[in-house]
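>>> Attaching a predicted model along with its sequence, questions to come.
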Amino acid sequence: MNRTTEPTANLLVYEPLSASAPLGHKWAGLYCGPHFCQSYHRFWQYLRLMGLGSTLGGHPDAYIEAFSSLQTLWQDQTSGKRRILIAGAADYSMLAHLWQVFQLYPGSLEISVLDRCQTPLKLNQWYAERRGISIRLLESDILLLEEEEYDLIVTSSFLGNFDPDARFELFNRISRLLRKDGQFISSNRLRPQPENQRLPIEEERIEQFVGLVEKRGRTLAETSALPLSELRQAAMDYIMDRRPFPVNGLASIENIAGASELTLTRAFYLQNRQSATGLSIPTLNDGSQYVFFHLTRA
């Protein structure tokens, strides 16, 4: 099934980017060193402020729809806390969209946010405190996380962090972390390049991207704490480091899931209708095709 997404700016989800982007930039300088993610975490929210970053893959409405369906399902089932794990968090956007749906039922949830880096964890804690949300922070690689029982594990654009062999290990770990009938919901950009090789650096697009950031950055003069010279360097570092492992299609995901006691219960392809950049660059809103999928532990 194919779906075309419209721009989702009309989604009224509270995300105070102008307040948190400087914090993310500062915290990345303090906490990202051991994990080599500083170029991503310090710049990601500025990209979103400029309208360039693809929030939840550019289709947050698909996540809202999935969460709403789950909330309805859980209401009809037995009572008790539902345990949700946000696995891998660039910032607090996933938490914000979860809370958009579940905020009327806070006592029925236990939300954990996992990342191996403290920077996104601190951003999630900052957001949670502003919204009065109780969350648990887990500073860990998901592959090392001890077995727990979650009703939902949710990610966005997560598979690119793992080569094909590591994806089998990832799905096995997720399967062990889920309760019976627990769900794993995620989406990922699709690319035709070999899945066992990181995306190459395309020299001709570097200056195009940096120039676009400079142009958009001029509109942030009143909200950004970064001068244009720093934005330019941050853009350069970002594009040089963003080299995920491609995902070719749904068949790749089904193959891994089948070996991990996870059953594909729903999937569809998404095509963002509009490109904000005109450039095909990882994690940017460039009109690429995605696959959105639900897996269930048998």
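Happy to help now that I have it.
>>> what sits against residue 89?
95, 113-115, 120-121, 123-124 (C-beta atoms under 8 Å, 6 or more residues apart in numbering). To be clear about C-beta, it is placed using only N, CA and C from the backbone, and glycine gets the same treatment.
>>> And what about it, helix, strand or coil?
With DSSP: H, G, I helix; E, B strand; the rest coil as the basis, residue 89 sits in coil.
>>> For residue 23, see how far away it is.
14 Å (C-beta to C-beta, to the nearest Å).
>>> for the protein, which spans come out with low pLDDT?
Low-confidence segments of the chain (pLDDT under 70): 1-11, 78-79, 221-225, 272-287.
>>> which residue ranges form the strands in it?
Along the chain, the segments classed as strands by DSSP state E run 2-5, 82-87, 109-115, 135-139, 150-154, 178-189, 262-272, 289-297.
>>> For residue 229, find the nearest of these.
strand 109-115 (29.4 Å; C-beta to C-beta).
>>> Dump the strands of the chain into CSV; add distance to residue 60 and mean neighbour count as well.
Output for those, formatted as CSV (distance: least, C-beta to C-beta, whole Å; neighbours: other C-beta atoms under 10 Å):
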stretch, distance to residue 60, mean neighbour count
strand 2-5, 9, 12
strand 82-87, 14, 23
strand 109-115, 17, 21
strand 135-139, 19, 16
strand 150-154, 12, 23
strand 178-189, 10, 20
strand 262-272, 11, 17
strand 289-297, 11, 21
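>>> With distance to residue 243 as extra columns, can I get those strands in JSON lines?
Listed next are these as JSON lines, based on distance: least, C-beta to C-beta, whole Å:
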{"stretch": "strand 2-5", "distance to residue 243": "25"}
{"stretch": "strand 82-87", "distance to residue 243": "21"}
{"stretch": "strand 109-115", "distance to residue 243": "19"}
{"stretch": "strand 135-139", "distance to residue 243": "24"}
{"stretch": "strand 150-154", "distance to residue 243": "24"}
{"stretch": "strand 178-189", "distance to residue 243": "13"}
{"stretch": "strand 262-272", "distance to residue 243": "21"}
{"stretch": "strand 289-297", "distance to residue 243": "19"}
